[in-house]
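*Asks:* could you look at this predicted model? Sequence included:
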2 protein chains.
Amino acid sequence: MEPHKAPLQWISKEYYELNGNHVEILHHPPSPVEFSRLAHISRPVIIKGFQIPAYKLWSTEYLVQRMGSQKISIAVTPNGFADAIVAGPGDKLYFAEPLVEQMTMSDFLSKLSSVSHSEVYYLQSQNGNIHSKYDSLSDSNGDIAPKVSEFGALKRDVPSDVSWCSKAFGKSPDAVNLWIGDSRSVTSFHNDPYENIYTVVRGAKHFTLLPPTEGWCLKERLYPHATYKRSSTSTLMLETSRSTNNIRWSSILNPHLPGSLHPDAHPIHITLRPGDTLYLPVGWWHHVRQSEDLTIALNWWYDLEMRGMTWVFLSFLRGVEDVPSGNEDSGKGRDKITSLVEEPPSNL
Amino acid sequence: MEPHKAPLQWISKEYYELNGNHVEILHHPPSPVEFSRLAHISRPVIIKGFQIPAYKLWSTEYLVQRMGSQKISIAVTPNGFADAIVAGPGDKLYFAEPLVEQMTMSDFLSKLSSVSHSEVYYLQSQNGNIHSKYDSLSDSNGDIAPKVSEFGALKRDVPSDVSWCSKAFGKSPDAVNLWIGDSRSVTSFHNDPYENIYTVVRGAKHFTLLPPTEGWCLKERLYPHATYKRSSTSTLMLETSRSTNNIRWSSILNPHLPGSLHPDAHPIHITLRPGDTLYLPVGWWHHVRQSEDLTIALNWWYDLEMRGMTWVFLSFLRGVEDVPSGNEDSGKGRDKITSLVEEPPSNL
């Protein structure tokens, strides 16, 4: 294969031949300089022995008691697919955003894995819901309105940064997020412009990872936008958006279905259990499932290093032109809708 | 421009737009974690305040006295172009290796910038001539013959590693090299598979740098191999090699000649004077001149990190196929020979 005639295929093959599916496991958190080296290699690392108060404190009772009557923003979908490609009006595929409803922690937790609920609830607000870089801005500068976090009562259980990571990158995280859901919630394949430290407090998270070099195997396509709303009978309905801005998203809806991934893709499967921490480097593609009735996770997002090659190469690997519509071919569209049937995570 | 139709041009343009010609200057050596971050960004950095005994000790008298009758290996050429493209038999261009002759330090230094010598002498043995990773191997393992360094008498004046660099990379250097020459010696454009810490002890070194992304601007071509030998009258003659292995080398012989560099190249010019240290990241292209009668430099080569993306992308940027011969077109060959006339470094 010649590098400049099929560049993405050549790069992904060379990258795999050099790196394989290796995931390093550290039995203690790294020193800052050790972590800096790992970030330079930019491959996933599983880190044991990270200590945060939330691991010990966060029983259901504790969370309910601490949060009290505080309302929190919860994503609601009929099927657990929020920010994902789903079949909608006119037998077309859409990028669907969830309905967001406010409820107390107590109400939310009682809805998780409850057989009486056909709807799926997921705490995924991912806006720095525990800590945000804007917190300190608003503290120190009176003319910026302080951002009121829904999770102020839990802040003290979660460090505002990961010290070895902040020292390695020379900066604080942009956002620290709390994620709570059950086995029905699935996060579809995507990547983030952040370095990510991800830790599981309760339950289990199952990641399927692909390196940035294999993004072309995920067949990004353009999909029209839609959002779940409640109908007059309170049923969840997909409301299409008048916006003409299509969303670019992976067409691989369930990498666990046999044959759904391109044969040149080399997925890495990682399960995190309580106390396990994953370094997920910037640009790595991830699809995430949960296998317990209650899974609680936290993550710290650090801005990527824009200087140097990283951003240029990530942009190159993702390409920027010629992304076709995901609804282009009705026959293929039908195949995709079929593949929406998510296999239960039986083997987790 | 579309990324996958002209990938090298697209990448080099994006890289330049993001990074410009920026070279960071540090007024003190960095800490290991600071240096690790700089190595991740992989752009040149000028470092002031690095301290090694050689800066103060290495007068001409000291070098002559310490080295005594020890013979050292010196590259000899008629024009200062060793390991470079030069015109040879049949009006063809060759990759020419120097004649290597043994002499004392005293003899060598007396030949530098001497008007009575039409030949150009350069100490460039670059085989770990001061320290080598094989030194410690031979020390600790009796059945490997210890390598005898020609510069054993100077070892103690040069640290065997750069501590902030070794701690950042988590390893010792592969080789520490001494370079001595005058303004007539030129190092032609090339890049190395090493992270490089380069410091000037006396004189001045003038680097012209291009990022790995602009390697395509250097027009690498295949050249037949030749080596300088002494004829029966002791004149230096270029002897062509019977080997059919052509050498792949840049066709840009003098980037200081107007118009010689591709208009999309963005050269960075850096001058190092005594006590100045350059971090030259792996894969960066460099052309090097000297402007004084006696320039002494040292460098520490650290193996690059093979894991991750670095090597794959450097390979991609260099490409591996379709390198044409540098002697393909006789008209163009003539242009190239003309451009061999190196401008005197008048503006240095």
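*Replies:* Structure received. Numbering: from 1, shown residues only, chains lettered A, B, ... in the order given.

*Asks:* for chain B, what are the nearby residues on the stretch 101-250 of chain A?
*Replies:* A:167-170, A:212-213 (C-beta under 8 Å from any C-beta of the partner chain). Glycine gets a C-beta too; all of them are placed from N, C-alpha and C.

*Asks:* among these, name the buried ones.
*Replies:* A:167-169, A:212-213 (16 or more other C-beta atoms under 10 Å in any protein chain shown).

*Asks:* one step back: will you turn the residues of the stretch 101-250 of chain A next to chain B into a markdown table that also has pLDDT and secondary structure?
*Replies:* Formatted as a markdown table, those follow (pLDDT from 0 to 100; DSSP: H, G, I helix; E, B strand; the rest coil):
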| residue | pLDDT | secondary structure |
| --- | --- | --- |
| A:167 | 98 | helix |
| A:168 | 98 | helix |
| A:169 | 98 | helix |
| A:170 | 97 | coil |
| A:212 | 98 | helix |
| A:213 | 97 | helix |
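
*Asks:* which one among these gets closest to residue A:130?
*Replies:* residue A:169 (18.8 Å; C-beta to C-beta).

*Asks:* not counting sequence-adjacent ones, nearest residue to that closest one?
*Replies:* Nearest non-adjacent residue to residue A:169, counting by C-beta to C-beta, 6 or more residues apart in numbering or on different chains: residue A:302, 5.3 Å away.

*Asks:* residue A:106 now?
*Replies:* Per C-beta to C-beta, 6+ apart, closest to residue A:106 is residue A:64, 4.6 Å.

*Asks:* for the one you found, list the residues it contacts.
*Replies:* A:105-106, A:109 (C-beta atoms under 8 Å, 6 or more residues apart in numbering or on different chains).

*Asks:* which parts of the stretch 1-150 of chain A are helices?
*Replies:* In the stretch 1-150 of chain A, the segments counted as helices under DSSP state H, counting those that start in this stretch are A:7-19, A:32-41, A:53-57, A:60-67, A:105-111, A:133-140.

*Asks:* for those, which one sits closest to residue A:272?
*Replies:* helix A:53-57 (12.5 Å).

*Asks:* counting by contacts, list what that closest one packs against.
*Replies:* Taking 3 or more C-beta pairs under 8 Å, 6 or more residues apart in numbering or on different chains; DSSP states H and E as contact, there are no helices or strands that helix A:53-57 lies on.

*Asks:* if you set the cut-off to 10 Å instead, what comes out?
*Replies:* helix A:60-67, strand A:194-202, strand A:295-303 (3 or more C-beta pairs under 10 Å, 6 or more residues apart in numbering or on different chains; DSSP states H and E).

*Asks:* show me what contacts the residue most central in space within chain A?
*Replies:* Taking C-alpha atoms, centre = their mean, the centroid of chain A lies closest to residue A:187, which sits 5.8 Å from it. If a contact means C-beta atoms under 10 Å, 6 or more residues apart in numbering or on different chains, then residue A:187 has A:80-84, A:122, A:124, A:179, A:181, A:205, A:207, A:286-290 as its contacts.

*Asks:* just the helices of the stretch 1-150 of chain A: most buried one?
*Replies:* Scoring these by mean neighbour count under mean count of other C-beta atoms under 10 Å in any protein chain shown gives helix A:32-41 as the most buried, with a mean of 22.

*Asks:* quick one: average pLDDT of that one?
*Replies:* For helix A:32-41, the mean per-residue pLDDT is 98.

*Asks:* doesn't residue A:224 make contact with residue A:327?
*Replies:* Yes: applying C-beta atoms under 10 Å as the test, residue A:327 and residue A:224 come out as touching, 7.6 Å apart.

*Asks:* between the two, which one's more packed in?
*Replies:* residue A:224 (22 against 19; other C-beta atoms under 10 Å in any protein chain shown).

*Asks:* surely that one touches residue A:245?
*Replies:* Yes: using C-beta under 10 Å, residue A:224 is in contact with residue A:245, at 9.0 Å.

*Asks:* give me the common contacts of the two.
*Replies:* Going by C-beta under 10 Å, 6+ apart, no residue sits against residue A:224 while also sitting against residue A:245.

*Asks:* work out for me the element residue A:178 sits within.
*Replies:* Element membership of residue A:178, judged by DSSP states H and E, is strand A:175-181.
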